[in-house]
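*Asks:* 3D, please:
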Amino acid sequence: MRVARFYAPGDLRLQDVPEPTPTAAEVKIRVRNCSTCGTDVKIFNHGHQNLSPPRVIGHEIAGEVVEVGSEVEGWAAGDRVQVIAAVPCGICYECSRGRMTVCPDQTSVGYQYDGGFAEYLIVPEAVLRVDGLNRIPDGVSFAEASVAEPLACVINGQMLAGVGTGDVVVVVGAGPIGCLHVRLARARGARQVFLADLNRGRLDMSAAVVRPDAAICGSEVDIADEVLKLTDGRGADVVITAAASGAAQQDALQMTARGGRISFFGGLPKTAPTITLDSNLVHYRELAIVGANGSSPADNRDALDLIASGGVPVLDLITHRLPLSQVSEAIRIVAAGEGIKVTIEP
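*Replies:* Numbering: from 1, shown residues only. This is a model prediction of the structure:
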């Protein structure tokens, strides 16, 4: 079978390798779609501390069961499935409290286990143990199901930030995650949703699809000032920084209404993880700042349900479909911001 295997920064090799065979406690799937994201770009450029090369990468996976281990129950050849990316241990203190996204013993598909840029994938026992193999609902395509993983992360972030009915929400970052945030905020009852980005081309491309109530280009106007104008000086109830930008995190405080919430959704580069934060704004305005780290198995199931119901459409976010042989081109497109969602079809 063909795989895309990461060896070192800048070294992603297409290789022919033997098809894997599942153990008694594993499931083998034929990968139909594995979508790409900014994390794949980071891995390609810099590697990752939790990834030991060589490793098949790709973690937004949907496919079809082709073989089931003798000890596995509930699955059969032909089942259409989506695979979680972040794999909690399921037994630690945090997992027992329902906080699987902050499991200290978390592993990940495409990091500790081979990922989805391949024709076939072994779903490890660790995934099955936490109910992380999900049945794709009828009417949902493999391509749409591959977007369930990033949507699951967005669901976790908005739950933690308490996005709800009547809120004014600002999403900073007009990439695929930002687009999903816009649509989920609407599905959760937000009254207005604004989308902001520094890149005019990327902002216009995304805004044309998800149609926010306002699209704000940060290279042309001050985002915080524009949000205050749009809200008659009050600011937003929720600001979500869906970009790896310390400046965006700092600016978020300037555009958040009293009693509002800020989600630091996008992590910062390891080389620049700190910001200067005016804690008096947090204190006197009674602001809440929350982080967001990945998703739980339950978030993935909720994401599939939202896609199936039409609550959060994702098909029109997929701008590029490429074969496995063009995975490096897919990563380039993502890095350049030339598409919204780029999916690989092995």
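*Asks:* mind listing what the residue nearest in space to the middle of the chain touches?
*Replies:* Closest to where the C-alpha atoms of the chain average out (CA atoms, centre = their mean) is Pro150, at 2.5 Å. Contact partners of Pro150, counting by CB atoms under 8 Å, 6 or more residues apart in numbering, are Ser35, Cys37, Glu60, Pro176, Ile177, Leu180. All C-beta atoms are positioned from the backbone trio N, CA, C, and that covers glycine.
*Asks:* Now with 7 Å, please.
*Replies:* Cys37, Glu60, Pro176, Ile177, Leu180 (CB atoms under 7 Å, 6 or more residues apart in numbering).
*Asks:* ok, Ser263 touching Ala292?
*Replies:* Yes: contact criterion CB atoms under 7 Å: Ser263 and Ala292 qualify, at 5.7 Å.
*Asks:* that older thread, the residue nearest to the centre of the chain: helix or strand, and which one exactly?
*Replies:* helix 148-161 (DSSP states H and E).
*Asks:* Same check on Leu12?
*Replies:* According to DSSP H and E, Leu12 maps onto strand 11-16.
*Asks:* which residues make contact with that strand from outside it?
*Replies:* Arg2, Val3, Ala4, Arg5, Phe6, Tyr7, Phe44, Ser325, Val327, Ser328.
*Asks:* now the angle from the helix or strand that contains the fourth one to strand 11-16?
*Replies:* So that's Arg5. Using DSSP H and E, Arg5 sits in strand 2-8. Strand 2-8 and strand 11-16 are oriented at 150 degrees to each other (axes from the mean of the first three to the mean of the last three CA atoms, to 10 degrees).
*Asks:* CA-only coordinates of strand 2-8 in CSV, if you can.
*Replies:* Extracted as CSV, the C-alpha positions of strand 2-8 are listed here (Å, rounded to 0.1, in the frame of the first residue of the first chain):
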residue,chain,number,x,y,z
ARG,A,2,1.0,3.7,-0.4
VAL,A,3,1.7,5.9,2.6
ALA,A,4,3.1,9.4,3.3
ARG,A,5,5.7,8.9,6.0
PHE,A,6,7.4,11.8,7.9
TYR,A,7,11.1,11.3,8.5
ALA,A,8,12.3,14.8,9.5
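*Asks:* Could you give me the buried positions within that strand?
*Replies:* Neighbour counts over strand 2-8 (16 or more other CB atoms under 10 Å) mark Arg2, Val3, Ala4, Arg5, Phe6 as buried.
*Asks:* Stretch 278-288 now?
*Replies:* Counting neighbours by 16+ other CB under 10 Å, stretch 278-288 gives Leu287 as buried.
*Asks:* Report the backbone C-alpha coordinates of that stretch in PDB.
*Replies:* Extracted as PDB, the C-alpha positions of stretch 278-288 are listed here (Å, rounded to 0.1, in the frame of the first residue of the first chain):
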ATOM      1  CA  ASP A 278      -3.700  43.800  31.300                       C
ATOM      2  CA  SER A 279      -5.000  41.900  34.300                       C
ATOM      3  CA  ASN A 280      -6.900  45.000  35.400                       C
ATOM      4  CA  LEU A 281      -9.200  44.600  32.400                       C
ATOM      5  CA  VAL A 282      -9.800  41.000  33.500                       C
ATOM      6  CA  HIS A 283     -10.400  42.200  37.100                       C
ATOM      7  CA  TYR A 284     -12.600  45.200  36.700                       C
ATOM      8  CA  ARG A 285     -14.600  43.900  33.700                       C
ATOM      9  CA  GLU A 286     -15.000  40.400  35.200                       C
ATOM     10  CA  LEU A 287     -13.700  38.700  32.100                       C
ATOM     11  CA  ALA A 288     -13.100  35.000  31.900                       C
END
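*Asks:* Quick one: mean pLDDT for that stretch?
*Replies:* Mean pLDDT, computed over stretch 278-288, is 96.
*Asks:* Okay, now the unreliable bits of the stretch 1-150 of the chain?
*Replies:* Within the stretch 1-150 of the chain, no stretch has pLDDT under 70.
*Asks:* need the helices for it, in chain order.
*Replies:* 38-46, 93-96, 125-129, 142-146, 148-161 (DSSP state H, counting those that start in this stretch).
*Asks:* Residues in contact with the fourth one: which ones?
*Replies:* So that's helix 142-146. Defining contact as CB under 7 Å, 6+ apart, one finds that helix 142-146 is touched by 32-35, 60-63, 82, 136, 304, 307, 314-315, 318, 343.
*Asks:* and what of stretch 175-189?
*Replies:* 37-38, 150-151, 154-155, 158, 163-166, 169, 171, 193, 195, 206, 209-210, 212, 240, 242, 306, 311-313, 317, 337, 340-341.
*Asks:* So how do I select the buried members of the residues you listed in PyMOL?
*Replies:* Burial among the contacts of stretch 175-189 is assessed by 16+ other CB under 10 Å; the matching PyMOL selection reads:
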select buried, resi 37+38+150+151+154+155+158+163+169+171+193+195+206+210+212+240+242+306+312+313+317+337+340+341
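*Asks:* mind listing which of the contacts of stretch 175-189 are in strands?
*Replies:* Val169, Val171, Val193, Leu195, Ile240, Lys341 (DSSP state E).
*Asks:* List just the nearest of those residues to Ala252.
*Replies:* Ile240 (8.4 Å; CB to CB).
*Asks:* partner residues bridging that closest one?
*Replies:* Val171, Ser263 (DSSP bridges).
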